[in-house]
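>>> pasting the sequence and the predicted model now:
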Amino acid sequence: MTTANRRSVLQLTAAMGAGALAGAASAATPSGAGKPVFDVPRVFIPIVGSDAVFPVRRIYCIGRNYAAHALERGSDPSREPPFFFQKPTDAIQVVARGVTVDHPYPPLTHNYHHEIELVAALGRGGRDIPLERALDCVFGYAVGLDMTRRDLQNEMAAQKKPWEIGKSFDHSAVISPLHLASAGGFTKGAIWLKVNGQIRQTSDLSKMLWSVAEQISRLSQSSELFPGDIIYSGTPENVGPVVAGDLMTGHIDGLDDINVKVV
Ligand code: MN
């Protein structure tokens, strides 16, 4: 990268850090805490063109955010209010540029599904963020896979139990390095997923029912958002199963493809 580009990365990173300090302290910040009895690893996402890394605080995901996917999941594709769920922060599996990463087939499932998604990573947070300022919070974007144990999700939903076990498990939040956000955000462009070279999912970001800006604004009404929060913005139609040996290639226009082999 050029010196000018590197400088802009550093300036943006510094500006985002200042914004974080200006905000309220996270509720998790200890006061007068003693020495931890052991270390818990923190989770980071690489940033394209920078030696700096993005620390992950929370992983939010929106459900049924493309009409055709809402239909295939048996719900109303009209703009019903968005709903969100979370994955544990350490569910992140980073897929570095130009590398095929081994992704372990998880336990308990016999119907393991891919969901290709745009991910927005926040460098600023807040409460009740107005729509017109929401994209100012975005630090960068990435290609993500919201990997899903569909059989477990469906079984739990049928019993009216929380379907967390279908969504929240080790390595279930696959993500590429972050590209710095540019003005206007990602509101259109191709999004697709191939398995073993065959197209499985293909759509356009413009078909999202709720834009990234709307997702940020909505989420900030229910929880204060903070730097380090990331949002998986929903998957288009034709989710489906993968098995050990399958190679997934994920693409979003303007970002790096990801290559993930199920093992
Ligand atoms: Mn999803």
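On my side now, so go ahead.
>>> please make it C-alpha for all contacts and neighbour counts, starting now.
Fine.
>>> off-centre distance for stretch 207-215?
14 Å (Cα atoms, centre = their mean, to the nearest Å).
>>> close to the ion, is it?
No: if you take Cα under 5 Å from the ion as the test, stretch 207-215 misses the ion, and the best it gets is 12.1 Å.
>>> end to end, how far does that stretch reach?
One end of stretch 207-215 sits 14 Å from the other (Cα to Cα, to the nearest Å).
>>> the closest residue to the ion within the stretch 151-263 of the chain: how many residues sit nearby?
Nearest residue of the stretch 151-263 of the chain to the ion (Cα to the ion) works out as residue 234 at 4.6 Å. By other Cα atoms under 10 Å, 28 other residues sit near residue 234.
>>> quick one: residue 185 is in a strand?
No: if the criterion is DSSP: H, G, I helix; E, B strand; the rest coil, then residue 185 is coil and not within a strand.
>>> can you pull out the strands in the stretch 151-263 of the chain?
Taking DSSP state E, counting those that start in this stretch, the strands of the stretch 151-263 of the chain run over residues 173-175, 179-180, 190-195, 198-204, 230-232, 240-241, 247-252, 258-262.
>>> out of these, deepest packed?
Ranked by mean neighbour count, the strands of the stretch 151-263 of the chain are led by strand 230-232 with a mean of 27 (mean count of other Cα atoms under 10 Å).
>>> so what are the sheet partners of that strand and their directions?
Under the criterion DSSP bridges, strand 230-232 sits next to strand 59-62 (parallel), strand 116-122 (antiparallel) in its sheet.
>>> and the ones you listed as CSV, adding mean neighbour count?
As requested, the strands paired with strand 230-232 are exported to CSV (neighbours: other Cα atoms under 10 Å):
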stretch, mean neighbour count
strand 59-62, 20
strand 116-122, 27
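>>> switch those over to JSON lines; also include distance to the ion.
Shown next, in JSON lines, are the strands paired with strand 230-232 (distance: least, Cα to the ion, whole Å):
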{"stretch": "strand 59-62", "distance to the ion": "6"}
{"stretch": "strand 116-122", "distance to the ion": "7"}
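>>> residue 43 against residue 90, yeah?
Yes: counting by Cα atoms under 8 Å, residue 90 is a contact partner of residue 43 at 6.3 Å.
>>> those two: which has the busier surroundings?
residue 90 (20 against 17).
>>> so who does residue 212 touch?
120, 135, 186, 187, 233 (Cα atoms under 8 Å, 6 or more residues apart in numbering).
>>> quick revisit: the residue of the stretch 151-263 of the chain closest to the ion and residue 143 touch, don't they?
No: the criterion here is Cα under 8 Å, and residue 234 misses it with residue 143 at 11.4 Å.
>>> coming back round to it: let's have the strands paired with strand 230-232 in a markdown table, adding mean pLDDT.
Output for these, formatted as a markdown table (pLDDT from 0 to 100):
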| stretch | mean pLDDT |
| --- | --- |
| strand 59-62 | 98 |
| strand 116-122 | 98 |
